Structures are given as structure tokens and as C-alpha cells.
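Participant: Based on what follows, work out the 3D shape:
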Amino acid sequence: MSMIPRGTQVPARWQLLACGLFLMASCSIAAGADEGIIDVHALPQLEGAVEDTSRPDPYRVEYRMPTPQAATLPAVQKLLSANGWVPYVMPLEEKSSLLKFKKGRQGLFVHFTQALGRPDQSVVYYTTDRIYGNVPFPEGASDIVFDGTRPYLDCIAPTPLDATSDFYSSQMAAIGWWKLTPETAARWTTSLDETAPNGLRAFYAHADSKETGFYQQKPVMLTLTRRDDGRTNVDIRLAPFALPSELKADSDLAGLPRPSPTKTAKGLGSASSDKREMSAAAMAELPAVLAFYHRELAARGWQEDGSAPRAPGDEVAIRISSAEETGLLRLGRKYDFTMVSLTAQVKESALAARAQAKKKADEKFLGDALGAAKQLITADDARRKLQAAALSDAPLNALADSKTPVPLPETAEGVTFEGDAGRLEFSSTSSVKALATFYRALLKSAGWKEQPSVINQPNMAVLEFAKGGKSISMTVMQMGPKVNVSANGSGLVMAAAKPAQAKPGQVASVQAKPTEPLTLDPDSALPVPTQHSSTGVSSTKFSGSDQSFRTELEASIPAALGDVLAFYRTELAKRGWQEKADGATVTAERAELAFTSPEGPAVLKLGRARDETIVSLVQRNPQAAAKADIMPKAGQARLMLGNMGPTEASLTINNQTVKIAAGAGGPQSPKGPMLDLPPGKYQYALRLAGRPARTETLTVAAGDAWGLLVGPSGDVLPLQMY
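Facilitator: Numbering: from 1, shown residues only. The predicted structure follows:
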């Protein structure tokens, strides 16, 4: 392929010729201002090239070729070589697909990609490369390994030793290198070792120069060696006396010491792994690297146990050991680097001790987890009993103005009815027993036949009814201080039905007035009057921790709501709580106030039931929650899943299915699965092998953290953690 002038292969761009010429001129001026930077837009391109001018860049050019990459690469190499560019590889990068070229003091990177979606086409990229430490390449040199940052050069000159020596004497001087003598080298060393077996050696220095790109250049050592074939080996590298004699420690890799400076380094494993490895290319002479490891290993409690068999490339191989590990240090030379390989393996005795310690820790963790689960279950059971005690068992009457296919009880609140879908839902302050009795009696009198159900407990009942080919399924479940009723089925379908909102029955409530002022119970963690008919305080925290994430007080007080509200405003103020005016609600039947407390945000809710004021006081500790990693994301709720059962469980919620391994939250899985959900009401299904799916409902608010714990019997315990 022949070399062609830039731009002649794209006739479709004649209308942009003026703009293109302006850009070309601008690029040439910018690049020409620095003689160390080549104008890549002036470089030859292959015949058939179509240049991409969509993103003008003075230091990079891109063009497309109608040939695959395998054919384009050698063609570019031939084209640039014919233009005087000498290819080379960088030390330790022999397998790189990036091509590197040098021409005088200018450098060039070339790389290739396949055209998008076109394996028969390729894209070529020219990128400038500044050479900071320029040294001359002999004409016709082969096997060139070069790094222009130090500099380093290794190659084979086609000429004999004397001719090669004459070349470097003249060419090094031509680019500003001056030969050191014992007198001129005195600032770096007291002697120059100019002997080289079967060859000769010389040392050079270069002054700083903005014009030629040299900056703080260290002296270099040139070594020329005769070859049996009449050619000459050339080696240029930093002079040994210019390298550090005492190395500092860089950051560890895999918990193993690494010297500084290094060109490359990598580690496998960590300080706690059974086996770990560290390798590096240190920019220092081998004695300095060896001295570094003598010092660092001894400081870390390692001892040297003698030499080990050397592998190819090794100059040093030392066995090392510590109280728990054995290891091997290998050092060798490659290019101008000292190559380091350091491995460490935990001893069998230490592995056994670690396994025993882990077993004890796991057993303790499992014991703590079971203790915490029992504590949570006990607290939740006490809370449920307290909440159930506030629910009414009184017989219910049906609302007279109900527009739903089945009657609504007089205590129904927040009714949502979707007639087209056949769904009904509401909450009530009546008990599960009272609501189940209400529906069994009324639906039976209306001709509905009840189907058997195994779920009929004080806190939950499932009712199934059938009539004339239609069905109704109802779930009556205690959810905190109220009971939630959800029903669905063909018996509830109504054409063109509109959502109905039912009002609670207009039952006059007489608020009991206290016979004496409310007084503080001194033994309660959160304030509560001594005049209470029931009270309970629960808190959520991890076993062994003194800080609770969430503390909740629930109480029933035979006093007027206004008197109870006044009591809490007074007592909470004494504790340094500050009431927030925004969003406060106070009526004759209910109150809801937000506070800021020294531990965190808090909410007080008051309501009326059976001539008593029902109190719910919740205080949160965000610092404790964040420390325990249960804090929800901003604007969302967090759901933590655990499984104390013997088999895997599967939970589906919000269109996500999560597998919960047996023992999740135990020693094999300290943290069970977690989900972040937007606030809302969710129906979730739990599946266990060999059992029918269980469907329940959970309502979460922004900032909440809930735990769903699958018990050994397959029951699900929902518990608000934060």
C-alpha cells in the first residue's frame, strides 16, 4: 500500500474543505510549538483511509480502514517504518497489542480496534507520546526494548563493538549527553566502574532542558558487549549509583511488604487468607531490595530459614517462617528491574487453631442469635397481647348505608372497595374474634356456606365462603393496635362499582376523667402515668449491645385524652425532648406529635378505645441503627430477612423473590438478605418445600426498618427494628 497525502480519500467532504484546512493549520501550529510532540495529522495514512474529523484533537487522529485488523496492523507497521519510525516494545509489556514507535526525540503510540459491527473493517489510532529521556537507537538495530521515561534501552546493534562505540560517542553528545569522569561524577559517586566483560562501559549525564524535554535526569550507564556473530549488545540504564541504596516501604499488598519505588506490583489474597502472594518489579538494584526484605520481614516477626532451590530467573531464594506461616522470597533481575516474588502459606497447626477458634465464635454467635430471636419473639408476643387487650370483643352491628356486596361492621375504618376487581379492605378496632363472628353470622343468614379453614386463632382467622358458584375469601388479622380485614373473590365483583369510603359508627364516647392528677411511674424506661390499666415497653437491639435501635411504649390509661397529652408534653420536655410544630394533629379523639430527643426522632400517638386513652410512644436511635447497618436509604424502608428454620425459604415481595438459606443470620451467614423498598403496603408470599404458600401483608413507611424472621415451624414474625 502506498503513502498518500492526508484528506484525498474523502471526496464527500469537499464542502468542508475550508474548515478542514483551518483545523489542519491549527493542529500543525499547536503540535509544532513543541518539537518533542509529533503532528499526528501530518503522519502518513494507509490507502483507502477515511479519517474521523468529528472530534478534532491535535494529539490524536483516528481513521477507518476497509480491511480487517489482522491485515491493517502489519500494513501500518510497514508504512511507518518506511517513514523513518522505529518500532520497539516496553519492558514487561512484550505481549501488548499497542504499537510503539520512536523517531529522534518524538514518540508515537498506535492501536487498532474492529469497526463497530464490521469485522471486515478496522479503525487505526495515532497518539503522540513524549519521550522524556531520549537516547539514540543504532541504525538497523533489532530486538529493541525501550522506555523513554528513565531511560532504558536494550537492543542489538548490527555493527561490531568499535563502530557501535563510535556511534554512541558522537550521538550521545549530539543530543546533550556528556560523558562522566571520576571528577565530574563526584557529586554522585566516589568511583566509576568502567569495566565490562567482553566489552566496554561509560557513564553519561544530561543537564535539565525545557527545549529537549529533559528534567531532573539521573546519570545513565552505557554497556556495550561483543557478540559471537559480530554484532553488539547495547544496554543503557540508570547508573547503579543513581538508584536508592535504602528502600522505603510502600503500602502492603495481600498483607505482605512491598518496596518503593516499583514499576508494577500485584497481590493475591489478604492478610487473613490461608495463602497469599505478592509480586513486583522494583526499580532498584538487587542488594538494596534484599536489604529491604531482611529489615521488613524481621520487623514483622518472620525469620529466615536458609536458601531454597532456585527457579529459572532467580538470583536469591530464601525460605522464611513466622509463628503461623511459612513462606518463600524469590529475587531476580529482568531488564533494569529487580523482580520480587513473595508467598506465604498458613501452617497446618495454625489452620487447625483458626478452625477451632472459628467454631467457638460461630457457636457463640449462634447462641447470641437464638437469644436475640427469643428476645424479639417474647417482646413481640407481649406487644401483641397488649394490643389485643385494647381491641373490643363486643358484638358488632352492620353499617346501614354500606354500598358493598357484603355488610361492613360499624367499627370499619379506611374502607377501600374495588368492585371491578372484587377486592375489599378495611381496618377496625374490634377483635379478630368479634369480626369473624360478625361475618360468619351475617353471611350464613344470607345463604353463604362456610368452607373449612385451619387458620382460626385469636390474632388471625381465614374465612372461606361459597354460594351459587361464587366465592369470597377473607383474611382477618391483627396488625398492631388494629385488625386488618382483606377480602376478595367473585362474590365481591360489582359492575361499575366506585371506591367507597365508610365512616366509623357514630358511637358517643364518654372520656373518663381521672380522680387524681396523673403521676409519673419512676420504673418505666419511657414516661407513663402510674394510673394505667396496661403498659409495656419493648426495644430492638442486637444481643450484647447496650444501644437500642427503636424503643416503644404502649399503654392504656383511664383518663381523658387532653389530660394524657398534657402529661406527656410536660414529662418529655423534662427529658430534653423538643416538640415539632409541623404536622402535629390534636383532636378530641386522637393526637399525633413528633419530637426530637437526644437519642433521635420520636413520635407520640394517642387514641381512644373503651373509655381509655391508648398511648403509643416510639423513639428511634439513628446512630445505633447506622452502626448496625440497618439504617434504610433516604426515602425508603429496609427489610431484613432471616430464617431460623431447617430448610431454605423463599419470599416474594414487590415482584422480587429472595432465597433465605436455612440459618440465615446465623454463623454461616451473619447478615441475612436485605431489601430496600419504597414506602407502601405490600403483600408477600412465603414458600417452604412441601408446604403451601403463605400470603400476608406488610405496611412500611419511609425510614422504617423491618425484620421478617421465619421461625422453625414456618411461621413468619414481622418485627419493626427501626
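Participant: Check the offset of stretch 163-177 from the chain's centre.
Facilitator: 55 Å (Cα atoms, centre = their mean, to the nearest Å).
Participant: CA atoms only for that stretch - export them in PDB, please.
Facilitator: In PDB, the C-alpha atoms belonging to stretch 163-177 read as follows (Å, rounded to 0.1, in the frame of the first residue of the first chain):
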ATOM      1  CA  ALA A 163      31.800   1.000  15.400                       C
ATOM      2  CA  THR A 164      29.000   0.900  17.900                       C
ATOM      3  CA  SER A 165      31.200   2.600  20.500                       C
ATOM      4  CA  ASP A 166      32.000   5.400  17.900                       C
ATOM      5  CA  PHE A 167      28.300   5.800  17.200                       C
ATOM      6  CA  TYR A 168      27.400   6.400  20.800                       C
ATOM      7  CA  SER A 169      30.300   8.700  21.500                       C
ATOM      8  CA  SER A 170      29.100  11.000  18.700                       C
ATOM      9  CA  GLN A 171      25.300  10.600  19.000                       C
ATOM     10  CA  MET A 172      25.100  10.800  22.800                       C
ATOM     11  CA  ALA A 173      27.000  14.100  22.600                       C
ATOM     12  CA  ALA A 174      24.800  15.300  19.800                       C
ATOM     13  CA  ILE A 175      21.600  15.200  21.900                       C
ATOM     14  CA  GLY A 176      23.200  16.700  25.000                       C
ATOM     15  CA  TRP A 177      24.600  13.800  27.000                       C
END
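Participant: from here on, count from 746
Facilitator: Happy to do that; since the first residue is 746 now, the last one works out to stretch 908-922.
Participant: Identify all contacting residues around it.
Facilitator: Stretch 908-922 is contacted by residues 850, 879-881, 883, 902, 904, 924, 945, 947, 949-952, 954, 957, 959, 965, 967, 969, 977, 979 when judged by Cβ atoms under 8 Å, 6 or more residues apart in numbering. From N, CA and C alone the C-beta is placed, and that goes for glycine too.
Participant: filter the residues you listed to the buried ones?
Facilitator: Among the contacts of stretch 908-922, the ones that count as buried by 16 or more other Cβ atoms under 10 Å are 850, 879-881, 883, 902, 904, 945, 947, 949-951, 957, 959, 965, 967, 969, 977, 979.
Participant: which residues in the stretch 846-995 of the chain form helices?
Facilitator: 906-919 (DSSP state H, counting those that start in this stretch).
Participant: where do the strands sit along it?
Facilitator: Remark: strands assigned in the stretch 846-995 of the chain by DSSP state E, counting those that start in this stretch are 851-860, 863-875, 887-892, 897-902, 922-924, 944-951, 965-971, 977-983, 993-998.
Participant: What residues are bridge-paired with the residue lying closest to residue 1375 once chain neighbours are set aside?
Facilitator: Nearest non-adjacent residue to residue 1375, counting by Cβ to Cβ, 6 or more residues apart in numbering: residue 1450, 4.8 Å away. Counting by DSSP bridges, residue 1450 is bridged to residue 1383.
Participant: Next up, the contacts around residue 1450.
Facilitator: If you count contacts by Cβ under 8 Å, 6+ apart, residue 1450 has them with 1294, 1370, 1375, 1376, 1377, 1382, 1383, 1384, 1385, 1465, 1466, 1467.
Participant: Now intersect these with the helices, please.
Facilitator: Mapping those onto helices (DSSP state H) picks out residue 1370.
Participant: does residue 1180 sit in a helix, a strand or a coil?
Facilitator: Under the three-state scheme (DSSP: H, G, I helix; E, B strand; the rest coil), residue 1180 adopts helix.
Participant: so who does the residue located most distally from the centre of the chain touch?
Facilitator: Within the chain, residue 907 marks the point farthest from the mean C-alpha position, 61.5 Å out by Cα atoms, centre = their mean. Under the criterion of Cβ under 8 Å, 6+ apart, residue 907 has no neighbours.
Participant: Distance of it relative to residue 944?
Facilitator: 11 Å (Cβ to Cβ, to the nearest Å).
Participant: again with residue 1187
Facilitator: 110 Å.
Participant: Over to residue 828?
Facilitator: 33 Å.
Participant: Looking at those two, which is more packed in?
Facilitator: More crowded of residue 828 and residue 944, by other Cβ atoms under 10 Å: residue 944, with 18 against 12.
Participant: my guess is the more buried one contacts residue 972, does it?
Facilitator: No. Here residue 944 lies out of contact with residue 972, judged by Cβ atoms under 8 Å, at a distance of 9.6 Å.
Participant: Find the residues that touch each one of the two.
Facilitator: By Cβ under 8 Å, 6+ apart, the residues touching both residue 944 and residue 972 are residue 978.
Participant: where in the stretch 996-1145 of the chain is pLDDT low?
Facilitator: 1111, 1114, 1117-1118, 1121-1133 (pLDDT under 70).
Participant: can you pull out the strands in it?
Facilitator: Assigned by DSSP E, counting those that start in this stretch, the strands in the stretch 996-1145 of the chain fall at 1001-1005, 1007-1013, 1020-1027, 1048-1052, 1061-1066, 1070-1079, 1082-1091.
Participant: And the residue nearest to residue 1375, how far from residue 1342?
Facilitator: When distance is defined by Cβ to Cβ, residue 1450 is 18 Å away from residue 1342.
Participant: same question, residue 1170
Facilitator: Distance from residue 1170 to residue 1342, by Cβ to Cβ: 35 Å.
Participant: swap in residue 969?
Facilitator: For residue 969, the distance to residue 1342 - Cβ to Cβ - is 82 Å.
Participant: Can you name the residues bridging to the nearest residue to residue 1351 once chain neighbours are set aside?
Facilitator: Using Cβ to Cβ, 6+ apart and skipping the chain neighbours, the partner closest in space to residue 1351 is residue 1336 (4.3 Å). In this entry, residue 1336 is beta-bridged to residue 1331, residue 1351, by DSSP bridges.
Participant: who touches residue 1336 in this structure?
Facilitator: Neighbours of residue 1336 in contact, by Cβ under 8 Å, 6+ apart: 1306, 1310, 1330, 1349, 1350, 1351.
Participant: pretty sure the fourth one contacts residue 1312?
Facilitator: Going back to what we said before, that points to residue 1349. No. Using Cβ under 8 Å as the test, residue 1349 is too far from residue 1312 to be in contact (10.7 Å).
Participant: Between these two, which contacts overlap?
Facilitator: In contact with both residue 1349 and residue 1312: no residue, using Cβ under 8 Å, 6+ apart.
Participant: looking at this, residue 1315 is in a strand?
Facilitator: No. The assignment for residue 1315, made by three-state DSSP, is helix rather than a strand.
Participant: tell me the pLDDT at it?
Facilitator: Looking at residue 1315, its pLDDT is 89.
Participant: can you count the residues close to it?
Facilitator: If you count neighbours by other Cβ under 10 Å, residue 1315 ends up with 12.
Participant: any idea what sits nearest residue 1329, other than its immediate chain neighbours?
Facilitator: Nearest non-adjacent residue to residue 1329 (Cβ to Cβ, 6+ apart): residue 1338, at 5.2 Å.
Participant: For the one you found, report the pLDDT, please.
Facilitator: You'll see residue 1338 listed with a pLDDT of 91.
Participant: Repeat that for the one 10 residues further on.
Facilitator: pLDDT for residue 1348: 91.
Participant: show me what contacts it?
Facilitator: When the contact criterion is Cβ under 8 Å, 6+ apart, the partners of residue 1348 are 1337, 1338, 1339, 1340, 1361, 1362, 1363.
Participant: Now do residue 1291, the pLDDT please.
Facilitator: 65.
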